[in-house]
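Asks: here is a sequence with its predicted model. Questions after.
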Amino acid sequence: MTLRVAVIGAAGRMGQQVVETVERADDLELAGRFDVGDDLGDLGGADVAVEFTVPGATLANVLHCVEQGVHAVVGTTGWTDESLSQVRSALAVQPKVGVLIAPNFAIGAVLTMLFAAQAARFYESVEVIELHHPDKIDAPSGTAIRTAEVIADARRAADVPPAPDATTSALDGARGAQVDGVPVHAVRLRGLVAHEEVLFGSPGETLTIRHDSFHRASFMPGVLAGVRGVVDRPGLTVGLEEILDL
Ligand SMILES: NC(=O)c1ccc[n+]([C@@H]2O[C@H](COP(=O)([O-])OP(=O)(O)OC[C@H]3O[C@@H](n4cnc5c(N)ncnc54)[C@H](O)[C@@H]3O)[C@@H](O)[C@H]2O)c1
Ligand SMILES: O=C(O)C1=N[C@H](C(=O)O)CCC1
């Protein structure tokens, strides 16, 4: 069966890559390209909409998809417990519709989060560094926030005490942002795409888990898995790991 796919944010860096990927896939057909100012309407009769826009627009776009009965695969960052619960409420009246929201569609980034969660209870110290292209509008990255959250959950579950830190004098920002007790540092550098390092330390050893997306092609296998998977997953799914059975 051919799935009809609409792309929202089609003129953006990710949107353009998704349009090309959909056009190349034998089992997918491009139903429409939508960007800022366009009326989403019935999304060109799409079965699935892929949404990569901006944090301030994504909730309204996803709610529109759900109202239209169109499944959604969402990569835009900026989701909160409150905005996720608005999606859940909208889905309650459209029980056949699926929405997948994932902070990162690169398989290596998903594995990094899972590996970091596994390692978290064994180390005294942990810090996250995310490194991105300088056109990115938000910090820390959605991926780094999620990574810090899963690390913090694992440390809480294992009763790991807070990481040691004797620094009492620091310029604002020098120790990064605290995300659920985990310091997260954001680098913006021309030449980069999307990168993350998770640093763990205990007496006498460190462990570094690093993932690099050198090209936006890295996100496409995950986006395709999401498009093909979401049609059989009614309700809200957060994270690609669910779709990949990880
Ligand atoms: N989940 C992932 O794997 C992943 C990967 C890369 C980027 N991202 C995230 O995806 C988002 C987009 O990233 P990007 O690099 O493509 O950004 P971008 O700025 O290149 O593209 C965003 C596009 O959205 C459009 N847009 C803005 N408001 C809109 C609206 N109301 N309706 C429709 N279109 C609208 C803009 O005009 C632009 O073309 C960001 O939040 C980024 O962090 C996620
Ligand atoms: O390029 C971006 O912007 C990216 N955003 C996501 C994030 O904030 O985690 C994923 C990686 C690329």
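Replies: That came in fine, so what should we check first? Numbers count the residues shown, from 1 in each chain. Ligands and ions are numbered 1, 2, ... in the order given.

Asks: quick one: residues contacting V230.
Replies: By C-beta atoms under 8 Å, 6 or more residues apart in numbering, the contact list for V230 reads V48, H71, A72, V73, G98, V99, L100, T237, I243. To be clear about C-beta, it is placed using only N, CA and C from the backbone, and glycine gets the same treatment.

Asks: which other helices and strands contact the helix ranked longest in the chain?
Replies: For the chain, the longest helix by residue count, based on DSSP state H, is helix 142-157. Counting contacts by 3 or more C-beta pairs under 8 Å, 6 or more residues apart in numbering; DSSP states H and E, helix 142-157 packs against helix 107-119, strand 125-132, strand 177-179, strand 182-188, strand 194-202.

Asks: ok, which of these comes nearest ligand 2?
Replies: Judged by C-beta to the nearest ligand atom, the one of the helices and strands packed on helix 142-157 that comes nearest to ligand 2 is strand 194-202, at 3.5 Å.

Asks: hmm, that closest one in reach of ligand 2?
Replies: Yes: against ligand 2, strand 194-202 shows contacts by C-beta under 6 Å from any ligand atom at A194.

Asks: which residues of this structure fall in helices?
Replies: 13-24, 55-67, 81-92, 107-119, 142-157, 220-230, 240-243.

Asks: residues of the protein that sit close to ligand 1?
Replies: Proximity of the chain to ligand 1 (C-beta under 6 Å from any ligand atom) is limited to residues 8-9, 11-15, 34-36, 52-55, 57, 61, 75-77, 102-105, 142, 219.

Asks: out of those, which are buried?
Replies: Using 16 or more other C-beta atoms under 10 Å as the burial test, the residues of the chain next to ligand 1 include 8-9, 12, 14-15, 34, 52-53, 61, 75-77, 102-105, 142, 219 as buried.

Asks: enumerate the residues of the chain near ligand 2.
Replies: So the chain meets ligand 2 at T77, P103, N104, H132, K136, S141, G142, T143, A194 (C-beta under 6 Å from any ligand atom).

Asks: was I right about the second one contacting T143?
Replies: Yes: contact status for P103 versus T143: in contact at 4.8 Å, counting by C-beta atoms under 8 Å.

Asks: common neighbours of those two, please.
Replies: Residues touching both P103 and T143 by C-beta under 8 Å, 6+ apart: none at all.

Asks: residue contacts, the spatially most central residue of the chain?
Replies: In the chain, the centroid-proximal residue (C-alpha atoms, centre = their mean) is P103; its distance is 0.6 Å. Contact analysis of P103 by C-beta under 8 Å, 6+ apart lists G75, T77, W79, S141, G142, T143, I145, R146, G239.

Asks: now do M14
Replies: Neighbour list for M14: F52, G75, R216, F219 [criterion: C-beta under 8 Å, 6+ apart].

Asks: from E23, how far off is the second one?
Replies: Yep, that's G75 we're talking about. 18 Å (C-beta to C-beta, to the nearest Å).

Asks: by mean pLDDT, which helix or strand of the protein comes out lowest?
Replies: helix 240-243 (a mean of 94; mean pLDDT, DSSP states H and E).

Asks: contacting residues around it?
Replies: 100, 102, 104-105, 107, 110, 113-114, 222, 225-226, 229-230, 233, 237.

Asks: out of the contacts of M14, flag the one nearest to ligand 1.
Replies: G75 (3.1 Å).

Asks: would you confirm that the closest one contacts T53?
Replies: No: between G75 and T53 there is no contact under C-beta under 8 Å: 9.2 Å.
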